[in-house]
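Asker: quick one: sequence and predicted model below, then my questions.
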Amino acid sequence: MKRKNKTKYGVVGLGRFGMQVVQELSLLGADILAIDRDEERVSVARDFTPHALFCPSIDEKSLVEAGIKRCDVVMVCLSEAIDLSILTTLQIINLGVPRVIAKADNRMHGKILARLGAEVVFPERDMAVRLATMLENSGVLDVVQLSEQINISKLEVPASYVGKTVLEVNFRENYGLNIIAIERVDGVLDNIMPDYVFSSGDILYLAGRNEGMSRLSAAIDEKE
């Protein structure tokens, strides 16, 4: 069987977020092209990828010469200037890179990047939402934000629900939340039946709107 080609990633901009992306991809053994206008940042990035390039001017010619067109996924992590971020994102999209992800600093910046055809991430906002949700909702261990209204929350099953079935608790009817998986000692269940009985230590992955998670948190606080 023919082996699938390894995905090649590009990271343009090695500020705090861009460098973190490079580090995390490196830990996964990914093939990474890292580009920045700052020689010191490029030097640091070479600890994680041999393909870290210093480009005094990030423009279409420099991007082509660096090999950005050979990347399958490019992340634009420029934060020094919004206009450079927008122009660079447009250039990379026009060069035909299959998937372009761009870091946005604010809502308007994100709207423009999305109009260009990029996937948009808001690292600072998403981290703030994640932290606030974990602080405000009892027992929440982690949060993945899918949109401004929809989250996936990781929650240890409350003691008051241990011994009850999925149907008895009825997260969907009572809180508008859907159980998408249950992590147990012996593995992960992704096909949750109504007669499943919650056990102590179960970790629930719940998808739904923020207000539903808040109602569940309030209900847990009342019972415990």
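Answerer: Done, it's in.

Asker: for Ile68, which non-adjacent residue is closest in space?
Answerer: Once flanking residues are discounted, Ile68 sits nearest to Gly10: 5.3 Å by CB to CB, 6 or more residues apart in numbering. All C-beta atoms are positioned from the backbone trio N, CA, C, and that covers glycine.

Asker: can you list the domains in this protein?
Answerer: 8-121, 126-223 (automatic domain parsing).

Asker: quick check: mean pLDDT of the last one?
Answerer: Domain 126-223 comes out with an average pLDDT of 78.

Asker: same thing with the first one?
Answerer: The average of the pLDDT scores along domain 8-121 is 92.

Asker: any idea how far apart the tips of it sit?
Answerer: 20 Å (CA to CA, to the nearest Å).

Asker: helix, strand, or coil at the residue located most distally from the centre of the chain?
Answerer: Residue farthest from the centre of the chain, counting by CA atoms, centre = their mean, is Gly163 at 33.7 Å. Recorded secondary structure, Gly163: coil (DSSP: H, G, I helix; E, B strand; the rest coil).

Asker: contacting residues for it?
Answerer: Contacts for Gly163 (CB atoms under 8 Å, 6 or more residues apart in numbering) come out as 197-198.

Asker: list the buried ones in the host helix or strand of Val22?
Answerer: Assigned by DSSP states H and E, Val22 falls within helix 16-27. For helix 16-27, the neighbour count (16 or more other CB atoms under 10 Å) marks 17-19, 21-22, 25-26 as buried.

Asker: which other helices and strands contact it?
Answerer: strand 8-12, strand 31-36, helix 39-45 (3 or more CB pairs under 8 Å, 6 or more residues apart in numbering; DSSP states H and E).

Asker: and if we set it to 6 Å?
Answerer: Secondary-structure packing of helix 16-27 (3 or more CB pairs under 6 Å, 6 or more residues apart in numbering; DSSP states H and E): strand 8-12, strand 31-36.

Asker: put the alpha carbons of it into PDB.
Answerer: Output in PDB follows, covering the C-alpha atoms of helix 16-27 (Å, rounded to 0.1, in the frame of the first residue of the first chain):
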ATOM      1  CA  ARG A  16       4.800  34.000  21.500                       C
ATOM      2  CA  PHE A  17       2.000  32.200  19.800                       C
ATOM      3  CA  GLY A  18       3.800  31.200  16.600                       C
ATOM      4  CA  MET A  19       6.800  29.900  18.500                       C
ATOM      5  CA  GLN A  20       4.500  27.800  20.700                       C
ATOM      6  CA  VAL A  21       2.900  26.300  17.600                       C
ATOM      7  CA  VAL A  22       6.300  25.400  16.200                       C
ATOM      8  CA  GLN A  23       7.300  23.800  19.500                       C
ATOM      9  CA  GLU A  24       4.100  21.700  19.800                       C
ATOM     10  CA  LEU A  25       4.300  20.500  16.200                       C
ATOM     11  CA  SER A  26       7.900  19.600  16.700                       C
ATOM     12  CA  LEU A  27       7.000  17.400  19.700                       C
END
